[in-house]
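J.: Let's see this in three dimensions:
(2 chains)
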Amino acid sequence: MLEQVKDWDDDFYERWKPIAMGFVNEAERCLQCGKCTGQCPAAAVTPGYNPRKLIRDLVDGNIKRILSSVELWQCFFCSGCYSTCPMDINFPFFIFMLRLGAMNEGYGWEDVKQLEAYAEKDYLKDGITVSIRERNPFVVDTVGDIGKIREAAGLPTKRVVSKRGVAEINMISDLSGMTSFMKKIGGVDLLDCNTCDDAQARRCKTKPLPSKVGKITTKTRFYNYGEPSGGKTNAKT
Amino acid sequence: MPRLDKVAQIPKPDKIFVFKSCVASNKYPGIEACSSDSLRILGIEPVDSDEQTCCGGFVTFANVAAPTASMPAVARNLSLAEEKGLDTCVVCNGCWTFLNEFGHFMNHNAEVKASVNMMLNMMGKEYKGTGSVYHIAEMYYRLKEELAENVKRPLKGIKVATHYGCHYLGGGKYTAIDDAQMPSYLEEIIEILGGEVVPYTANRECCGTGFTQVINGKDLSLEHTKTKLDSVKEADPDILVVQCPYCHSQLDRIQQQFNYRDEGDFQTPILHIAQLVGMGLGLDVAKLGFAAHVSGRARLENVLDRIGR
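T.: Okay, here's the model as predicted:
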């Protein structure tokens, strides 16, 4: 269905609701009050990001803009918009389902590729998504052996998920289509502080602080999200 | 003000299934050790299972796995507690929202539940939807009388600031025990432990992890964390207490990066609520796992000197 998306699509929202698994069914109730944008941490650091506009364009059918926008990938998933929303719209679920829709259209794969290794090399291999390897890109010095700290705290040296547990989540992954989806994503090797070379380490530690609001550049591979230029009158029929 | 009717609904069981969090196990083992030990002191026997995997929330919302893959993973983890006839206690906001939301979704969608059970039946399991999921901070608040009786190491004169984390109050708008905008139960727990609560401006702000933004949108994430840490530094608490290991990891580790860049001197120790309660209940210092903390270690030692080791 998403393959036939045009720039403007009057029925898109109505047709999309059922395939969004019941998570998304209340966007048409939006009052456009903007409370979501007012408290949004992503909007605070990104001038272009605006949850209110995203909802408006979803309901109006300006769908191509949403799916191809960089803003779709800037959500912090903090659920703050849901907590303040007077109409109880669960916006993070919109973002989640729209990201899947955008991937179907070929957008956002670079972002998801960075994350595939967490599923393939940690979640499905050990049953634990966050491993002991240091993957936070901003850590300068690590604390050393976590195993020793665990022992001192009276825990086993390594938390191990039983073989049966790991086998079961792999079975779930195969049966539900997650494995084949991950193969499609491909994935990239994650940098971690034990394996990265000197050049990477230097770049990691000397990376300048982000520029303040106003200097942030929009990634070129996406459209710039903004006011729609056309409207129903300009839509292709 | 906490919703007292909701709090009263939380049971005081003899045993509870403790759901292990991946960040708590692999980055801050003190959280894992303290959560079990503090529950034991408060009269609840923790039960765990090595079949329990990660909740799968990260891979789902990172769009690596579709919800079709996550529903059965959630059901499988919840069925481990159901087999034993227990409720689940989690230490992480992410696990809490994910297990709660997706469990709720399955309980109210018979078709989804049936298809999930079809998959689980192949491995000899079944999801019934009988158990509840509670956050450990909720349990502490429910057990506040027991907590007050058992304080061995009062946090006298220690200034503590709070950070609730988005996925508990925001994501669980109707299931959390407190209001999403003006929560106060962590403050109450701190006062029971004898500490002094310090308010600061950016209390309700996100820690800046931004779920996957710490990997994909590093600059946005860092800028937001700076806002948060600047505000914390202004209030200058001895300890910043969080209730989510992921916020813990972000706020703790990023301070080091700002110090490295000469963007200010950040030395605020971050503690999970389980560690703070463990400290108050007089657990052995090694059990608190402070060796795994990246920032503010000197200040933590100073706190321990003041309240006794």
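J.: Show me the chain divided up by domain.
T.: Answering for chain A, as no chain was given. Domains of chain A are assigned by automatic domain parsing as A:2-107, A:109-206.
J.: sorry, should have said chain B
T.: Using automatic domain parsing, the domain ranges for chain B come out as B:4-136, B:152-307.
J.: Make CSV from those and add mean pLDDT, mean neighbour count and distance to residue A:142 to it.
T.: In short, each C-beta sits where N, CA and C put it, glycine included. As requested, the domains of chain B are exported to CSV (pLDDT from 0 to 100; neighbours: other CB atoms under 10 Å in any protein chain shown; distance: least, CB to CB, whole Å):
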stretch, mean pLDDT, mean neighbour count, distance to residue A:142
domain B:4-136, 91, 21, 10
domain B:152-307, 91, 21, 8
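J.: what would these look like in a markdown table with distance to chain A?
T.: Converted to a markdown table, the domains of chain B look like this (distance: least, CB to the nearest CB, whole Å):
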| stretch | distance to chain A |
| --- | --- |
| domain B:4-136 | 4 |
| domain B:152-307 | 3 |
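J.: and of those domains, who's closest to residue A:180?
T.: domain B:4-136 (10.5 Å; CB to CB).
J.: before we move on, back to that, from the domains of chain A, which stretch is densest packed?
T.: Of all the domains of chain A, domain A:2-107 carries the top mean neighbour count, a mean of 19, counting by mean count of other CB atoms under 10 Å in any protein chain shown.
J.: how about the strands in chain B?
T.: B:15-19, B:45-47, B:88-90, B:133-135, B:159-163, B:196-197, B:239-242, B:270-272 (DSSP state E).
J.: Now distance to residue B:262 too, for the ones you listed, in JSON lines please.
T.: As requested, the strands of chain B are exported to JSON lines (distance: least, CB to CB, whole Å):
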{"stretch": "strand B:15-19", "distance to residue B:262": "41"}
{"stretch": "strand B:45-47", "distance to residue B:262": "44"}
{"stretch": "strand B:88-90", "distance to residue B:262": "38"}
{"stretch": "strand B:133-135", "distance to residue B:262": "38"}
{"stretch": "strand B:159-163", "distance to residue B:262": "24"}
{"stretch": "strand B:196-197", "distance to residue B:262": "31"}
{"stretch": "strand B:239-242", "distance to residue B:262": "22"}
{"stretch": "strand B:270-272", "distance to residue B:262": "21"}
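J.: Out of those, flag the one nearest residue B:57.
T.: strand B:88-90 (10.9 Å).
J.: Report all helices and strands that that closest one contacts.
T.: For strand B:88-90, the packing partners by 3 or more CB pairs under 8 Å, 6 or more residues apart in numbering or on different chains; DSSP states H and E come out as strand B:15-19, helix B:93-107, strand B:133-135, helix B:136-142.
J.: Report the inter-axis angle for the first one versus helix B:93-107.
T.: Put plainly, it is strand B:15-19. Angle between the axes of strand B:15-19 and helix B:93-107 is 110 degrees (criterion: axes from the mean of the first three to the mean of the last three CA atoms, to 10 degrees).
J.: Direction included, what does strand B:15-19 pair up with?
T.: Applying DSSP bridges, strand B:15-19 is found paired with strand B:45-47 (parallel), strand B:88-90 (parallel).
J.: Same question for the third one.
T.: Using DSSP bridges, the strands paired with strand B:133-135 in its sheet are strand B:88-90 (parallel).
J.: ok, and what's touching the partner strand?
T.: Contact with strand B:88-90 is made by B:16-19, B:21, B:35, B:39, B:46, B:78, B:81, B:96, B:99, B:131-136, B:139, as judged by CB atoms under 8 Å, 6 or more residues apart in numbering or on different chains.
J.: what separates it from the chain centre, distance-wise?
T.: 10 Å (CA atoms, centre = their mean, to the nearest Å).
J.: now do stretch B:278-295
T.: On CA atoms, centre = their mean, the centre of stretch B:278-295 falls 16 Å from the chain's centre.
J.: ends of it, how far apart?
T.: Taking CA to CA, to the nearest Å, stretch B:278-295 runs 20 Å from one end to the other.
J.: again, but for stretch B:139-157
T.: 25 Å.
J.: which residues sit against it?
T.: By CB under 8 Å, 6+ apart, stretch B:139-157 touches B:2, B:7, B:10, B:12, B:16, B:38-39, B:41-44, B:89, B:177, B:185, B:188-190, B:192-196, B:273, B:276-277, B:279-282, B:306-308.
J.: In JSON lines: the domains of chain B, plus distance to residue A:139.
T.: Shown next, in JSON lines, are the domains of chain B (distance: least, CB to CB, whole Å):
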{"stretch": "domain B:4-136", "distance to residue A:139": "10"}
{"stretch": "domain B:152-307", "distance to residue A:139": "5"}
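J.: For residue A:50, which of those domains is the nearest?
T.: Between residue A:50 and the domains of chain B, the tightest spacing by CB to CB is seen for domain B:152-307, at 14.7 Å.
J.: so how far is the first residue of the closest one from its last?
T.: OK, domain B:152-307 end separation, CA to CA: 10 Å.
J.: now do stretch B:139-153
T.: Stretch B:139-153: ends 20 Å apart by CA to CA.
J.: In contact with residue A:56, which residues?
T.: A:30, A:32.
J.: Residue B:69 is in contact with residue A:182, isn't it?
T.: No: the criterion here is CB atoms under 8 Å, and residue B:69 misses it with residue A:182 at 9.6 Å.
J.: Next, format the domains of chain A as a markdown table and append mean pLDDT.
T.: A markdown table is the format used below for the domains of chain A (pLDDT from 0 to 100):
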| stretch | mean pLDDT |
| --- | --- |
| domain A:2-107 | 80 |
| domain A:109-206 | 80 |
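J.: and the gap between the closest residue to residue B:184 other than its chain neighbours and chain A?
T.: Nearest residue to residue B:184, sequence neighbours excluded (CB to CB, 6 or more residues apart in numbering or on different chains): residue B:1, at 6.1 Å. Separation of residue B:1 from chain A (CB to the nearest CB, to the nearest Å): 16 Å.
J.: What strand or helix carries the residue nearest to residue A:108 when sequence neighbours are not counted?
T.: Leaving aside its sequence neighbours, residue A:108 sits nearest to residue A:102 (CB to CB, 6+ apart; 5.0 Å). Following DSSP states H and E, one finds residue A:102 within helix A:91-104.
J.: hmm, back to that, could you say which one of the helices and strands packed on strand B:88-90 comes nearest to residue A:62?
T.: Set against residue A:62 and scored by CB to CB, these come closest in helix B:93-107, at 28.5 Å.
J.: who's in contact with stretch A:129-142?
T.: Contacts of stretch A:129-142 (CB under 8 Å, 6+ apart): A:118-119, A:121-123, A:146-147, A:158, A:190-194, A:204-205, B:22-23, B:26-27, B:54, B:56, B:58-59, B:214-215, B:218, B:222, B:249-250, B:253-254, B:256-257, B:260, B:294.
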